[in-house]
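Colleague: dropping the sequence and predicted coords here.
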Amino acid sequence: MIAALFTGIAAAPWMRAALRNGAIVLAVLLFLLALRRSGERAGRLAERLEAMDKVNDIQRQMLDAAARRPRDRSDFADRLRDGHF
């Protein structure tokens, strides 16, 4: 019954054109929604990458500071006397 009704409705040329245009509009809408979603995902990944870069820079600075520290008390005293600390 429904198939016969749909066949009768789709038999009209203007209805076929409306269905075709509706399908095209639906496809474009779905494409735009997928594009928006992928853009949001790319934005989140860019924020995560920026945060990781900041963390890596801070860790690198900490490692550099640890490498330059005095090894013992006498080295610390020598640096203070020489004014290189």
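Modeller: Here it is on my side, so go on.
Colleague: looking at the chain, which helix or strand does the model trust least?
Modeller: helix 2-10 (a mean of 61; mean pLDDT, DSSP states H and E).
Colleague: the helix or strand just after that one packs against which elements?
Modeller: On the C-terminal side of helix 2-10, the closest following helix or strand by DSSP states H and E is helix 13-68. In this structure, helix 13-68 packs against helix 2-10, with contacts taken as 3 or more C-beta pairs under 8 Å, 6 or more residues apart in numbering; DSSP states H and E. Yep, even glycine has a C-beta here, placed from its N, CA and C like the rest.
Colleague: show me where pLDDT drops low in the chain?
Modeller: Along the chain, segments meeting pLDDT under 70 span 1-10, 85.
Colleague: what count of nearby residues applies to Arg41?
Modeller: Neighbours of Arg41 under the rule other C-beta atoms under 10 Å: 10.
Colleague: against Ser74, how distant is it?
Modeller: Separation of Arg41 from Ser74 (C-beta to C-beta, to the nearest Å) stands at 56 Å.
Colleague: what of Leu63?
Modeller: 24 Å.
Colleague: and Arg60, by the same measure?
Modeller: 28 Å.
Colleague: can you check Met15 too?
Modeller: 95 Å.
Colleague: and for Ala42?
Modeller: 55 Å.
Colleague: phi and psi next, for Asp72.
Modeller: Main-chain torsions, Asp72, degrees, to the nearest 10: phi -150, psi -180.
Colleague: neighbours around Trp14, how many?
Modeller: Neighbourhood size, Trp14 [other C-beta under 10 Å]: 7.
Colleague: list the contacts of it.
Modeller: With contacts taken as C-beta atoms under 8 Å, 6 or more residues apart in numbering, Trp14 has no neighbouring residues.
Colleague: and if you look at the one 10 residues further on?
Modeller: Counting by C-beta under 8 Å, 6+ apart, Ile24 makes contact with nothing.
Colleague: any idea how far it lies from Ala12?
Modeller: 18 Å.
Colleague: now do Val25
Modeller: 19 Å.
Colleague: over to Gly83?
Modeller: Counting by C-beta to C-beta - Gly83 and Ala12 are separated by 95 Å.
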